[in-house]
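> Can you look at this prediction? I've put the sequence above it.
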Amino acid sequence: MSRTAFIDVDGRRTRVRVDGDPANPPVLLVHGIGRSMDDWAPQYERLGQSYRTISLDVPGFGFSERPREAITLAGLADGVAATLDVLGEARPLHIVGNSLGGAIAQQLLAKRPERVASLALIDSAGFGSEVTPLLRLLAVPGLGALGVRPPTRMSARIFERAIHANRAVATKERIDHALAIGAQPGVGAALRETALALGTPRGVKPEWRRELAAAVARSPRPTLIMWGTADRILPAHHIKEAMRVYPHAEAHLLNGVGHMPQLECPQRFADFLLPFLVRANG
């Protein structure tokens, strides 16, 4: 069974999708900055066979309304937790986070460890200062305000192609979807606000990364780390720091793959994720 719906979360319209038997162990999928739950589409059927799979548009992104307060990493994690409350999912979850979604997953572990059974961090934010200039520009005074404007077809195409090593993944349908997201009220402002909260024109701020690394070390969980070697958003050498923060983790480099292996090589991605979930659930 699968169901996509809009639900009310603390007065905010929030888009969610739930797949699989409600009695199965729960898996939560968390997307990256400026993206949506559709980034996990090739994995819904694979995961839904054995897990109650919950995906959502993070507050302020996709088709979900933004939080009333200023956007912070902690606030985004709180919004995700509040969505789980509305869905009635109180069990510890296996959380799979891509990019910013990986940082949100870690923040959930740091602040709400009772809600986390395991982590799968996919090309995750939080392990280095380098990030694509396309995001650093959002933090530039004056110039960054241009990011508030809805994207053009050209800018949407540029970003979609930057995400994937295989540009064929940046299909017309994905570009159309990016344009639809970019046209939502407040999405551009939320994108810039997030970039300013977590980064500067020079790159990702070190302060929150250090605090998060110290916090997650207090609550170790089974952890899987995956990274595409051709990631042009967050470089693959960040995996070294990820493995320092999570010395017990299972780690995989995916040769020739970009920032979103769940889309670019969905079967290879599942071949690592599904056995990890079996072990973590056991």
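Happy to help now that I have it.

> neighbours of the residue nearest to Asn98 when sequence neighbours are not counted, just the number please.
Closest residue to Asn98 apart from its sequence neighbours, by C-beta to C-beta, 6 or more residues apart in numbering: Ile122 at 4.3 Å. Backbone N, C-alpha and C define where each C-beta goes, glycine included. Ile122 has 28 neighbours, counted by other C-beta atoms under 10 Å.

> My read is that Ile122 contacts Val96, right?
Yes. Using C-beta atoms under 8 Å, Ile122 is in contact with Val96, at 6.7 Å.

> any idea which element the residue most central in space within the chain lies in?
Centroid-nearest residue in the chain: Gly101, 2.3 Å away (criterion: C-alpha atoms, centre = their mean). In this assignment (DSSP states H and E), Gly101 forms part of helix 100-111.

> Pull out the CA atoms of the helix or strand just after that helix and give them to me as PDB.
Counting by DSSP H and E, the next helix or strand C-terminal to helix 100-111 is strand 116-122. Extracted C-alpha coordinates of strand 116-122, given in PDB (Å, rounded to 0.1, in the frame of the first residue of the first chain):
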ATOM      1  CA  VAL A 116      16.600   6.600  15.800                       C
ATOM      2  CA  ALA A 117      17.300   2.900  15.300                       C
ATOM      3  CA  SER A 118      20.000   3.400  12.600                       C
ATOM      4  CA  LEU A 119      21.500   6.000  10.200                       C
ATOM      5  CA  ALA A 120      22.200   5.800   6.500                       C
ATOM      6  CA  LEU A 121      24.100   8.900   5.400                       C
ATOM      7  CA  ILE A 122      24.100   9.400   1.600                       C
END
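
> Now do strand 116-122: distance to the chain's middle.
Its chain's C-alpha centre and that of strand 116-122 lie 11 Å apart, by C-alpha atoms, centre = their mean, to the nearest Å.
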